[in-house]
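Trainee: sequence first, predicted model second:
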Amino acid sequence: QVQLVESGGGLVQPGGSLRLSCAASGFTFSTYWMHWVRQAPGKGLEWVSSISPGGGRTTYYADSAKGRFTISRDNAQDTLYLQMNSLSSEDTAVYHCVKDLDYAYDNWGQGTRVTVSS
């Protein structure tokens, strides 16, 4: 069965960086669009970034992530990444790795919590 396991979250100071990872299994990772979606405390889901199948040549970012976050994938390791720089308190959220199916969110990981605070 499909499994998505995120890691890399934690407490970081404003202006700091984190790299999130998502280990995928149970499907042919390289052939699917993948997404990062976050949920801040008390708020709804917010799409963060997406990456195309194969080499991941096509990426998209929410305005809140542009210029600060970088999505990437390693198909040999079946792993999705999100490099986050210049973090602020507004980035505090649970970050989920999501597998796409026909341009819809299909399978979700349990999430990894990111807290930006001094």
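Mentor: Cool, got the structure.
Trainee: and the pLDDT at Asp100?
Mentor: Looking at Asp100, its pLDDT reads 92.
Trainee: please apply the same query to Tyr103.
Mentor: 85.
Trainee: that one: neighbouring residues, count only.
Mentor: 7 (other Cβ atoms under 10 Å). (Each C-beta comes from the backbone N, C-alpha and C, glycine too.)
Trainee: what's the closest non-adjacent residue to it?
Mentor: Spatial nearest neighbour of Tyr103, excluding adjacent residues (Cβ to Cβ, 6 or more residues apart in numbering): Trp33 at 7.8 Å.
Trainee: show the contacting residues for the one you found.
Mentor: By Cβ atoms under 8 Å, 6 or more residues apart in numbering, Trp33 lies in contact with Ser50, Ile51, Ser52, Pro53, Asp100, Tyr103.
Trainee: can you pull out the helices in the protein?
Mentor: Read by DSSP state H, the chain holds no helices at all.
Trainee: want to throw the contacts of Trp33 into CSV with distance to Ser72?
Mentor: Formatted as CSV, these follow (distance: Cβ to Cβ, whole Å):
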residue, distance to Ser72
Ser50, 12
Ile51, 7
Ser52, 11
Pro53, 13
Asp100, 16
Tyr103, 21
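Trainee: among those residues, name the ones in strands.
Mentor: Ser50, Ile51, Asp100 (DSSP state E).
Trainee: including neighbour count, could those residues go into TSV?
Mentor: As requested, the ones in strands among the contacts of Trp33 are arranged in TSV below (neighbours: other Cβ atoms under 10 Å):
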residue	neighbour count
Ser50	20
Ile51	24
Asp100	17
